[in-house]
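Visitor: Quick one: sequence and predicted model below, then my questions.
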Amino acid sequence: MDVYCGRCGSLSLRPSHLRVGDFGRLIFFHYPVRCIECKRRSFVTILEIVAIWREARARRSRWPPL
């Protein structure tokens with residue numbers, strides 16, 4: 001599952017820090033993410049954030065590149 005930034009179309013998203021105002025959205029299973037390229041903060045569904053977490057874990061396991 002590819003998750004794109006709504007502004008620049010980048011695939012480089014990371015989980016964003018939770019803010020007090022985000023808890024209302026968490027009730028509806030929306031989680032904040034931030035685009036690494038354009039720095040835009042937006043929300044994705046819980047299924048999309050799981051895909052982002054898995055991708056980040058895979059990138060860390062490939063470090064350092066050979």
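Guide: Arrived safely, thanks for sending.

Visitor: where does Ser10 land in three-state SS?
Guide: What DSSP: H, G, I helix; E, B strand; the rest coil gives for Ser10 is coil.

Visitor: Spit out the contact partners of it.
Guide: 4, 35-38 (C-beta atoms under 8 Å, 6 or more residues apart in numbering). For the C-beta atoms, the positions are set from N, CA and C on the backbone; glycine is no exception.

Visitor: quick one: the strands in this protein?
Guide: Remark: strands assigned in the chain by DSSP state E are 13-15, 30-35, 41-45.

Visitor: ok, back up a step: hmm, which two among the contacts of Ser10 are most spread apart?
Guide: Tyr4 and Ile36 (12.5 Å; C-beta to C-beta).

Visitor: about what we covered before: give me the buried subset of the contacts of Ser10.
Guide: Neighbour counting with 16 or more other C-beta atoms under 10 Å marks Cys35 as buried within the contacts of Ser10.

Visitor: Could you single out the nearest of the contacts of Ser10 to Val44?
Guide: Out of these, the member with the shortest distance to Val44 (by C-beta to C-beta) is Tyr4, at 10.0 Å.
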